[in-house]
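Asks: sequence and computational prediction follow.
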Amino acid sequence: DTPQMQRLRGLKQLGTAELVYTTATHTRFEHSLGVGHLAEKKLKGIAERQPRLGITEKDVLCVKIAGLLHDLGHGPFSHVYD
């Protein structure tokens, strides 16, 4: 719970898309939670299917944290042109 993460609650993930699609109101906070969850799930799946890679719980945690924090550096309207 940091100011940097909480700031994402007020930033729209889809930029101006909600002007056309009124229910497209996703925030970067919601998006980041989803990315963190999916990153963890994907890496755990890879670890189970390919044990020879030696993926540790610390590796999984680091990838999850990277997913959670990946949007912190975006500036205003950075997804408008996606």
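Replies: Done, it's in.

Asks: give me the nearest residue to residue 14, chain neighbours excluded.
Replies: Residue nearest to residue 14 in three dimensions, not counting chain neighbours: residue 24, with 4.9 Å by Cβ to Cβ, 6 or more residues apart in numbering. From N, CA and C alone the C-beta is placed, and that goes for glycine too.

Asks: can you dump the C-alpha atoms of the helix or strand of the chain with the lowest mean pLDDT in PDB for me?
Replies: Least confident element among the helices and strands of the chain, by mean pLDDT, DSSP states H and E: helix 3-7 (a mean of 88). Below are the C-alpha coordinates for helix 3-7, written out as PDB (Å, rounded to 0.1, in the frame of the first residue of the first chain):
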ATOM      1  CA  PRO A   3       1.100   6.200  -2.900                       C
ATOM      2  CA  GLN A   4       2.700   5.000  -6.100                       C
ATOM      3  CA  MET A   5       0.400   2.000  -6.300                       C
ATOM      4  CA  GLN A   6      -2.700   3.900  -5.100                       C
ATOM      5  CA  ARG A   7      -2.100   6.500  -7.800                       C
END
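
Asks: buried sites along the helix or strand that it is followed by?
Replies: Where DSSP states H and E defines the elements, the next helix or strand beyond helix 3-7 is helix 28-49. Neighbour counts using 16 or more other Cβ atoms under 10 Å place 28-29, 31-32, 35-36, 39-40, 43, 47 of helix 28-49 among the buried residues.

Asks: so what's the residue positioned nearest the centre of the chain up against?
Replies: In the chain, the centroid-proximal residue (Cα atoms, centre = their mean) is residue 32; its distance is 2.7 Å. Each residue near residue 32 by Cβ atoms under 8 Å, 6 or more residues apart in numbering is listed here: 5, 8, 67-71.

Asks: from those, list just the buried residues.
Replies: Using 16+ other Cβ under 10 Å, the buried members of those are 5, 8, 67-69, 71.
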